[in-house]
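**Q** Any chance you could fold what I've pasted below:
(one chain, ligands or ions: 1)
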Amino acid sequence: MARRYQSKLTWDDVTPERLFLNRRQIMAGTGALLGAGLIGGRATAQEALEPNTWEEITTYNNFYEFGTGKGDPAANAHTLTTSPWSVEIDGLVDSPGTYSFEDIMSDVEVEERIYRFRCVEAWSMVIPWNGFELADLLNRVGVQDGARYVAFETALRPDEMPGVNVPVLDWPYREGLRLDEAMHPLTIMATGIYGREIPNQNGAPMRLVVPWKYGFKSIKSIVRITLTEEEPPTSWNMANPREYGFYSNVNPNVSHPRWSQASERRIGGGLFARREPTLMFNGYEEEVAGLYEGMDLEANF
Ligand code: MTE
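**A** Numbering: from 1, shown residues only. Down below sits the predicted model:
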């Protein structure tokens, strides 16, 4: 029988045991920030990871299919029809096909994950997502030998998406992950925020969240997932390969060609809030650094 890719890691493997924190905090926390906060006594872990408000999360973001302004998605995304919804899963899988949103949801386990979210534009939030591990879905359709990458595509509906009539990007929006990144237990498909259905502007009904990568890797309103042998093209890399690489791991030591990535502005911090230092892999270094062992992170930005 053919060997199937199986992620051997589970959530327990990547989560350090912290007896004094409850599960919600464990999901949000990682060694670096928690350690610094608790030992240094400057800020408690809880302060550091206080989630942003529903209002902040749902009114300030990017979804260029609905315009390039930060308020455009909230103003315009109501036109997106999210039900019925289906996702085509194809390429190197045992069971290719078109899966309805309901079928997918009936097979997976949805849980809450409070993650730091770092946009490439140097703003950040903390978001309490509800979602399921992407690995769960991929294992159900059966990843075949030879698959090394996962490609994702957003819906392309000119009638419902005013932004796609403007050629800011080569539509549909496309993203990709290496298979081991896609199978990592931190990588989720989000379907909710604060226990409520995910709003259209945040990528309804199903969007990717890869918390150690810049926000643009977290592609919204996904209609297609393809398992490939070759590294797939991605929208931002196609638009500007000098500025946006395939990996796009959060890295305070590698500047964007036009600005530093060493610090970030936390949305909701108020007008005079200090910028916070950006953490390697967005604070998830302990969990994901192993994926990039031996790789030159400046060359593979
Ligand atoms: N997905 C699609 N389809 N189109 C987009 O324009 N923008 C990305 C990402 N996913 C984008 C997308 C960028 S740049 C960011 S920062 C996040 O979505 C922001 O959205 P969020 O705050 O809802 O995560």
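**Q** Partner strands of the longest strand along the chain and their direction?
**A** Looking across the chain with DSSP state E, the single longest strand is strand 123-133. Using DSSP bridges, strand 123-133 pairs in its sheet with strand 111-118 (antiparallel), strand 188-193 (antiparallel), strand 263-266 (parallel).
**Q** Those: which one's closest to residue 59?
**A** Closest to residue 59 of these, according to Cβ to Cβ: strand 188-193, at 12.2 Å. Quick note: C-beta positions are derived from backbone N, CA and C, even for glycine.
**Q** what's the spacing between that closest one and its chain's center?
**A** Taking Cα atoms, centre = their mean, to the nearest Å, one finds strand 188-193 lying 9 Å from the centre of the chain it belongs to.
**Q** repeat for stretch 272-282
**A** Mean-position distance between stretch 272-282 and its chain equals 18 Å (Cα atoms, centre = their mean).
**Q** and what of stretch 243-257?
**A** Centroid displacement of stretch 243-257 relative to its chain, using Cα atoms, centre = their mean, is 15 Å.
**Q** Could you check how far the most centrally placed residue in the chain is from residue 263?
**A** Central residue of the chain (Cα atoms, centre = their mean): residue 209, 2.1 Å from the mean position. Distance, residue 209 to residue 263, using Cβ to Cβ, to the nearest Å: 22 Å.
**Q** try residue 65
**A** Using Cβ to Cβ, residue 65 is found at 29 Å from residue 263.
**Q** Check residue 150 too.
**A** In this view, residue 150 and residue 263 are 31 Å apart by Cβ to Cβ.
**Q** And these two? Which one has more around it.
**A** residue 150 (26 against 13; other Cβ atoms under 10 Å).
**Q** Quick one: the strands in the stretch 201-301 of the chain, in order.
**A** Residue ranges of the strands in the stretch 201-301 of the chain, as given by DSSP state E, counting those that start in this stretch, are 207-209, 222-228, 263-266, 276-277.
**Q** most packed of those strands?
**A** With neighbours taken as mean count of other Cβ atoms under 10 Å, those reach their highest mean count in strand 207-209, at a mean of 22.
**Q** pLDDT below threshold where in the stretch 151-300 of the chain?
**A** Applying pLDDT under 70 to the stretch 151-300 of the chain flags no residue at all.
**Q** repeat that with 80
**A** Along the stretch 151-300 of the chain, segments meeting pLDDT under 80 span 270-273.
**Q** Show me which residues of it sit near the ligand.
**A** 154, 173, 202-203, 215-216, 218-221 (Cβ under 6 Å from any ligand atom).
**Q** tell me the contacts of the residue nearest to the centre of the chain?
**A** Going by Cβ atoms under 8 Å, 6 or more residues apart in numbering, residue 209 touches 113, 115, 117, 127, 129, 131, 187-190, 218.
**Q** Who does it form a beta bridge with?
**A** Assessed by DSSP bridges, residue 209 has beta-bridge partners residue 188.
**Q** Would you mind listing where the stretch 1-150 of the chain has pLDDT under the threshold?
**A** Along the stretch 1-150 of the chain, segments meeting pLDDT under 80 span 1-48.
**Q** And the strand or helix carrying residue 138, what does it pack against?
**A** Using DSSP states H and E, residue 138 sits in helix 134-141. For helix 134-141, the elements it packs on are helix 101-107, helix 179-183, strand 188-193, judged by 3 or more Cβ pairs under 8 Å, 6 or more residues apart in numbering; DSSP states H and E.
**Q** Name the surrounding residues that touch the second one.
**A** Residues from elsewhere that reach helix 179-183, judged by Cβ under 8 Å, 6+ apart: 5, 7, 9, 134-135, 138, 143, 147-150, 187, 210, 227, 291.
**Q** do the last one as well
**A** By Cβ under 8 Å, 6+ apart, the surrounding residues in contact with strand 188-193 are 54, 57-58, 105, 108, 110, 113, 127-134, 137, 197-199, 202-203, 205-209, 222.
**Q** could you dump the residues of the stretch 151-300 of the chain next to the ligand to TSV with neighbour count?
**A** As requested, those are exported to TSV (neighbours: other Cβ atoms under 10 Å):
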residue	neighbour count
154	24
173	25
202	23
203	27
215	21
216	19
218	23
219	23
220	28
221	27
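**Q** residue contacts, the residue of the chain found nearest the ligand?
**A** The ligand sits closest to residue 215 of the chain, with a gap of 2.8 Å, by Cβ to the nearest ligand atom. Counting by Cβ under 8 Å, 6+ apart, residue 215 makes contact with 62, 117-120.
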